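Take a look and give me a structure for this.
(one chain, ligands or ions: 1)
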Amino acid sequence: MASRVHCDICNVVIAPHAHYIVRMDIFADPSIPELNTEDLEEMDADATFAKLIEQMKQMTADDLQDQVHRRFEFKLCPSCQKRFLANPLGLPRKVSSGEN
Ligand SMILES: [Zn+2]
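Numbering: from 1, shown residues only. You can find the predicted model right below:
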């Protein structure tokens, strides 16, 4: 028997293969100047890269992961998938506390 899939938002049990997968990749704006070849030519690319590597060596793996790339993966039931698509950022993030 296939393992049950629970919706990561509402925790409902989802029928096999009826769920949606949301992937989020969060990464820093890649400011390494690899996009602009003219800039690269003007710059001492080897030295710049070596410096970058040196900086990276001093970071922990977690630091690096946080800075460079985070990937999240969530499983959603069909109704949460619709809601997610309508508001992918889950706005507003701030929940007003005065409405109970
Ligand atoms: Zn759900």
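
In CSV, please show the C-alpha coordinates belonging to the lengthiest helix in the chain.
Secondary structure of the chain per DSSP state H: the longest helix is helix 45-57. Only the C-alpha atoms of helix 45-57 are listed here, as CSV (Å, rounded to 0.1, in the frame of the first residue of the first chain):
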residue,chain,number,x,y,z
ALA,A,45,38.2,37.3,-13.0
ASP,A,46,40.6,34.7,-11.5
ALA,A,47,41.4,36.9,-8.5
THR,A,48,37.7,37.7,-8.0
PHE,A,49,36.7,34.1,-8.1
ALA,A,50,39.5,33.1,-5.8
LYS,A,51,38.4,35.7,-3.3
LEU,A,52,34.9,34.4,-3.4
ILE,A,53,36.0,30.8,-2.9
GLU,A,54,38.1,32.0,0.1
GLN,A,55,35.1,33.7,1.6
MET,A,56,33.0,30.6,1.1
LYS,A,57,35.5,28.5,2.9
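
so how far is it from its chain's centroid?
25 Å (C-alpha atoms, centre = their mean, to the nearest Å).

Make 38 the starting number, not 1.
All set: I'll call the first residue 38, so the last point we hit is now helix 82-94.

Would you map out the domains in this structure?
Dividing the chain into domains by automatic domain parsing, as the record does, gives the ranges 38-64+107-125, 67-105.

and the nearest residue in space to D62 that is not next to it in sequence, backbone torsions?
With C-beta to C-beta, 6 or more residues apart in numbering as the criterion, D62 has its nearest non-adjacent residue at 5.3 Å, and that residue is R108. C-beta: built from backbone N, CA, C; applies to glycine. Backbone dihedrals for R108, given as degrees, to the nearest 10, come out at phi -130, psi 130.

likewise the one 10 residues further on?
For Q118, the backbone dihedrals (degrees, to the nearest 10) come out as phi -60, psi -40.

Compute the distance between the spatially closest residue to it that is not a sequence neighbour and H43, please.
Nearest residue to Q118 in three dimensions, chain neighbours excluded: Y57, at 4.1 Å (C-beta to C-beta, 6+ apart). For Y57, the distance to H43 (C-beta to C-beta, to the nearest Å) stands at 13 Å.

shared neighbours, those two?
Residues within reach of Y57 and of H43 at once, by C-beta atoms under 8 Å, 6 or more residues apart in numbering, are K112.
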